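Undergrad: only the shape, not the letters, is given here:
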């Protein structure tokens, strides 16, 4: 609760105490729902998942595949990000959906999450194996889709870029941008909209369809701008329990 309240207070300095508590209560209700929905996912059929999780108009992704380009999907801990793996139901026939994850210290829980994220046809790749997998797929001439949750806090030793995000100076992961520019992959932000309890739909926002010609940090900044706008619209659906601002920029 201390982390949630501090994050909300610093992110929305213009809001009153009453407004912040309202967001906090709505967040906790939603957070409990995400736990239940994730457990429920263990026995959901493809038909029910398709009913509850509307993948929306994926043409912006399929058009890139048709042009022979792989796509990196930037997402966030917003809405039910775990159900996002069901995008494989509509993408894997064209290009395998790879979900990028960091290995958990709890092996049993890690195996459970690995099974959940791959049960609709996607493939999981541990962060350390991502680059070599991309190189292999490029050599094989395979078109792919990579799902990247990009709003985590980087390790303090890996911080290379700071940006203004939710009224705070924030260290940002730039791995997605680096890989997109290196391999010239298109980048699309996928937003998980909560329609009602147990139902979501996807919205797609192209960030870069010509990554090799973007400026440094351009892709990262566009991602943060879109995510910040969505959080400001419905803040209760973002993961406020995360210690997003645990690192402070060192004084020169």
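TA: Thanks, I have the structure now. Being a predicted model, the structure only gives us computed values, none of them experimental.

Undergrad: list the buried ones in stretch 175-188?
TA: Buried positions in stretch 175-188, judged by neighbour count with 16 or more other Cβ atoms under 10 Å: 175, 176, 177, 179, 180, 181, 183, 185, 186, 187, 188. For the C-beta atoms, the positions are set from N, CA and C on the backbone; glycine is no exception.

Undergrad: nope, stretch 101-112 is what I meant
TA: Here stretch 101-112 shows residue 101 as buried, counting by 16+ other Cβ under 10 Å.

Undergrad: got a list of contacts for that stretch?
TA: 113, 114, 117, 124, 125, 126, 127 (Cβ atoms under 8 Å, 6 or more residues apart in numbering).

Undergrad: please dump the residues you listed into CSV; it should also carry pLDDT for every row.
TA: What follows is the contacts of stretch 101-112, written out as CSV (pLDDT from 0 to 100):
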residue, pLDDT
113, 78
114, 80
117, 82
124, 91
125, 91
126, 90
127, 88
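
Undergrad: which residues in the protein form strands?
TA: Here the chain has its strands, by DSSP state E, at 53-54, 71-75, 96-101, 123-126, 144-149, 162-165, 168-171, 186-196, 199-208.

Undergrad: what's the second one packed up against?
TA: Going back to what we said before, that points to strand 71-75. helix 59-66, strand 144-149, helix 175-183, strand 186-196 (3 or more Cβ pairs under 8 Å, 6 or more residues apart in numbering; DSSP states H and E).

Undergrad: how about the fourth one?
TA: Packing contacts for strand 123-126, counted by 3+ Cβ pairs under 8 Å, 6+ apart, involve strand 96-101, helix 107-118.

Undergrad: my read: residue 171 touches residue 155, true?
TA: No - contact between residue 171 and residue 155 fails when scored by Cβ atoms under 8 Å: they sit 9.4 Å apart.
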